[in-house]
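> any chance you can model this:
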Amino acid sequence: MEEGVKSLERAFQIVEQVSVEKNGIGITELSVKLGMYKSTVHRVLNTLVHLGYVEQDRNTEKYKLGYRWLAVSSRLLNNLDIRKVAYPYLQDLADHTGEVIHLVVLDGHEVVYIEKVEGNQTIRMHSQIGKRVPVHCTGVGKAILAFLPPAALTKVLSGCEWHAHTPYTLKTENELLRHLEKVRKQGYAFDLEENELGISCAAAPIWDYTGKVAASISVSGPTTRMNKERLEDTAKLVREYGRKISVTLGYSNEFQTIEN
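You can find the predicted model right below:
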């Protein structure tokens, strides 16, 4: 291995070790943990301090990560394309369930389909990428609504039109708010033929690196296949995939307590 590559490898080993030390770490301890000469550790740390990636506490003389990493990580997270990040998970979910998978984002008082993956089961649905549907009568919409801040939720609901799409559509804001309390506790939402007769779905939210709900995903299928037992099992699976996508997007806060 070339010396330049070795030096780069040592630098990243040091950065990774420093990153897990909440109270900082000294040169001697670093050299012991990493099996490096103190002179090597000192030389690499000096370079990292000069570049702003590591800082030294003047009082303790211990080293910890510098704030420059925040700028780097922020640019990385801002450049994440939720469709690209989510797609492998959507495909895996489609392969696992055999049903249609949707990824949506909130826009005003509607949700917009931004990705759709077909399963191996045959199903006729009116969904397509770019289509907009009301937020209050869809599983994907309710999965987002349940985790919005109160002010944002109020703003969205103020623009909703409460006409029934099917006999099962929730008809009032109060009815929806009561329903969202349950969604919040479960961590997933159902659409039981509320938007389209004959179609039921299970949906779950996706959070971004700021801790805000950014999107939602769903598994949709004919009600004849999506019976109560299968819906419950599917909902927990969708919730787990929503978590995986969230973590990939940089969401690192503890997920809210969810009742099983």
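
> what domains does the record give for the chain?
3-76, 80-248 (automatic domain parsing).

> just the ones you listed: most buried one?
domain 80-248 (a mean of 18; mean count of other C-beta atoms under 10 Å). No exception for glycine: its C-beta is placed from N, CA and C like everyone else's.

> got the contact list for stretch 143-157?
Contacts of stretch 143-157 with the rest of the structure, by C-beta atoms under 8 Å, 6 or more residues apart in numbering, involve 104, 106, 108-109, 111, 135-136, 173, 176, 180-181, 183-184, 188-189, 203-205, 207, 213, 215-216, 218, 242.

> I misspoke; the intended subject was stretch 22-39.
Stretch 22-39 has contacts (C-beta under 8 Å, 6+ apart) with 10, 13-14, 17-18, 40-42, 45, 57, 60-64.

> quote the end-to-end distance of it.
In stretch 22-39, first residue to last residue: 23 Å (C-alpha to C-alpha, to the nearest Å).

> now do that stretch: distance to the chain's middle.
In this view, stretch 22-39 has its centroid 35 Å away from the chain centroid, taken as C-alpha atoms, centre = their mean, to the nearest Å.

> before we move on, what about stretch 199-212?
The answer for stretch 199-212 is 7 Å, by C-alpha atoms, centre = their mean.

> with just CA atoms, put the helix or strand of the chain with the lowest mean pLDDT into CSV.
Every helix and strand of the chain was ranked by mean pLDDT, DSSP states H and E. The lowest is helix 68-78, at a mean of 74. What follows is helix 68-78 as a C-alpha-only set of coordinates in CSV (Å, rounded to 0.1, in the frame of the first residue of the first chain):
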residue,chain,number,x,y,z
ARG,A,68,-16.5,21.4,9.9
TRP,A,69,-18.1,17.9,9.8
LEU,A,70,-21.5,19.6,10.2
ALA,A,71,-21.1,21.4,7.0
VAL,A,72,-20.0,18.3,5.2
SER,A,73,-22.8,16.2,6.6
SER,A,74,-25.3,18.9,5.9
ARG,A,75,-24.4,19.1,2.2
LEU,A,76,-24.6,15.3,2.0
LEU,A,77,-28.1,15.2,3.6
ASN,A,78,-29.4,18.1,1.5
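
> quick one: average pLDDT of the following helix or strand past it?
Heading C-terminal from helix 68-78, the first helix or strand you meet, by DSSP states H and E, is helix 82-97. Helix 82-97 comes out with an average pLDDT of 93.

> same question for stretch 218-232.
91.

> where does this protein dip in pLDDT?
Applying pLDDT under 70 to the chain picks out residues 1, 76-80, 122-126, 253-260.

> where does the residue lying farthest from the centre of it sit: helix, strand or coil?
Within the chain, the residue lying farthest from the chain centre (C-alpha atoms, centre = their mean) is residue 39, at 42.5 Å. The local conformation at residue 39, judged by DSSP: H, G, I helix; E, B strand; the rest coil, is helix.

> any idea how far it is from residue 45?
Per C-beta to C-beta, to the nearest Å, residue 39 is found 11 Å from residue 45.

> then residue 217?
Counting by C-beta to C-beta, the gap from residue 217 to residue 45 is 43 Å.

> what's the answer for residue 28, then?
12 Å.

> likewise residue 202?
The value you get for residue 202 to residue 45, if C-beta to C-beta is used, is 51 Å.

> same check, this time on residue 227
In terms of C-beta to C-beta, residue 227 sits 61 Å off from residue 45.

> got it, and residue 233?
As judged by C-beta to C-beta, residue 233 and residue 45 stand 52 Å apart.
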